[in-house]
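**Q** sequence below, structure please.
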Amino acid sequence: MEEGEKKVLLWHQGALGDLLLAGPALAALRRRFPNARLAAVGHPERWRLLSPALGLEAIWDGQEALWAWLHCEDGPLPPELRRRLEGVALAVVFRPRPPDTLARRLREAGVGRVVWVPSAPGEEREPLARRQLRHLSGLVGADGPPPFRLPLAPDGPWPPHLPREAEFLAAAPGSGSPAKNWPLDRYYEVMRALSWEYPYPVVWVTGPAEAAWQPYLEGLARAQGHYLLHERPLPEVALVLARTRLFLGNDSGLTHLAAAAGARRVLALFGPTDPVVWAPPHHPVTVVQAPGGDLGRLSLSRVLQAARLLLAAR
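**A** Take a look at the predicted model:
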């Protein structure tokens, strides 16, 4: 951008893990344009989580009907949409494939420049965060990926039923796909064993995809003296994960959140997805890959051994 171009639009409508994986690219953009006014389009709660790190001026819901005009091949754009995009000199669009129609319509609305950043892997086997920065290198430079960490206020929102002074062992047994989930009964065995061996309370973290497990996990938590966080606001969950000695999870948004929030150790279980591409960057994340990509073949003993080694490490 030239000196007088001060407004940047960030477009990312992906899931929580995908947005957090874009953290290094987003941090590089903020570092390149430290005085720019940034606005974001996507899932509002997810973007609000990143807002303190990026200094967002506005967050707009990507499901708002107004944005649909940008996906139409032709036709006049509403004045309200033009007013919203007024002064945007640069739009950075994260999508799996080049957004030809969206880019053209953004330019028709007056956006000076549109840059596409892939939100999916390409033919080369490389970390997605690195691929995204390569696509942005002409704009932000060719430096390595900057570390990305969510800035969390210690006195931020906290779940009322959890002790604020505690450190936790946390487990998030779900994900957006059943094929990426290690069996729930093995999670239970690992967390039960660890809770007997270490003086840290256990907290189970679940979201909307795990609603069917809710009655079972409520009973489990009561019987074992564990805590349960189900569909709590993301700032609360992030602050709890920042206080974990060990986080155990699948390839999921919550695993990425634990890494970005600063959990002491993250143990990530990968099955059909490639950890080289999808594992959280810039954090001491330990990956256990299931044999043949089948999490049903990943043994309890292997995961328990890895968890014990992490808890014993300084």
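
**Q** that's a helix at residue 92, yeah?
**A** No - under the criterion used here (DSSP: H, G, I helix; E, B strand; the rest coil), residue 92 is strand, not part of a helix.

**Q** hang on, it packs against residue 29?
**A** Yes - contact criterion Cβ atoms under 8 Å: residue 92 and residue 29 qualify, at 6.4 Å. Heads up, the C-betas are built off the backbone N, CA and C, glycines and all.

**Q** which residues do the two both contact?
**A** The contact sets of residue 92 and residue 29 overlap at 8, 10, 136 (Cβ atoms under 8 Å, 6 or more residues apart in numbering).

**Q** can you name the element that comes right after the helix or strand harbouring the first one?
**A** Same thing as residue 8. In this structure, residue 8 is located in strand 7-12 according to DSSP states H and E. Counting by DSSP H and E, the next helix or strand C-terminal to strand 7-12 is helix 16-21.

**Q** and that following helix, how far out from the chain middle?
**A** Here helix 16-21 shows a centroid-to-chain-centroid distance of 3 Å under the convention Cα atoms, centre = their mean, to the nearest Å.

**Q** need the CA coordinates for that helix. PDB is fine.
**A** Presented in PDB, the C-alpha positions along helix 16-21 are these (Å, rounded to 0.1, in the frame of the first residue of the first chain):
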ATOM      1  CA  LEU A  16     -11.500 -21.800  14.300                       C
ATOM      2  CA  GLY A  17      -8.500 -23.900  13.600                       C
ATOM      3  CA  ASP A  18      -8.100 -22.600  10.100                       C
ATOM      4  CA  LEU A  19      -8.300 -19.000  11.300                       C
ATOM      5  CA  LEU A  20      -5.700 -19.600  14.000                       C
ATOM      6  CA  LEU A  21      -3.400 -21.300  11.400                       C
END
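
**Q** so which elements touch it?
**A** With contacts defined as 3 or more Cβ pairs under 8 Å, 6 or more residues apart in numbering; DSSP states H and E, the packing partners of helix 16-21 are helix 44-54, helix 128-135, helix 253-261.

**Q** one more time with 6 Å
**A** If you count contacts as 3 or more Cβ pairs under 6 Å, 6 or more residues apart in numbering; DSSP states H and E, helix 16-21 packs onto helix 253-261.

**Q** for the record, mean pLDDT for the helix it packs on?
**A** Mean per-residue pLDDT for helix 253-261: 96.

**Q** after that helix, which helix or strand is next? Please name it.
**A** Once the chain leaves helix 253-261, the next helix or strand it forms, by DSSP H and E, is strand 266-270.

**Q** in the next helix or strand after that next one, what counts as buried?
**A** The first helix or strand that comes after strand 266-270 along the chain, using DSSP H and E, is helix 275-278. In terms of neighbour count (16 or more other Cβ atoms under 10 Å), helix 275-278 has its buried residues at 275, 277-278.

**Q** from the shared contacts of residue 92 and residue 29, which is closest to residue 161?
**A** residue 10 (35.0 Å; Cβ to Cβ).

**Q** need the contact list for that closest one.
**A** Residues counted as contacts of residue 10 (Cβ atoms under 6 Å, 6 or more residues apart in numbering) are 40, 92.

**Q** so which elements touch the strand or helix carrying residue 308?
**A** Taking DSSP H and E as the criterion, residue 308 maps to helix 300-312. Using 3+ Cβ pairs under 6 Å, 6+ apart, the elements in contact with helix 300-312 are helix 184-197.

**Q** pLDDT at residue 4, what is it?
**A** 43.

**Q** in the stretch 1-150 of the chain, where is pLDDT below threshold?
**A** Within the stretch 1-150 of the chain, the segments meeting pLDDT under 70 span 1-5, 142-146.

**Q** strands of that one, start to end?
**A** Assigned by DSSP state E, counting those that start in this stretch, the strands in the stretch 1-150 of the chain fall at 7-12, 37-42, 56-61, 88-95, 113-118.
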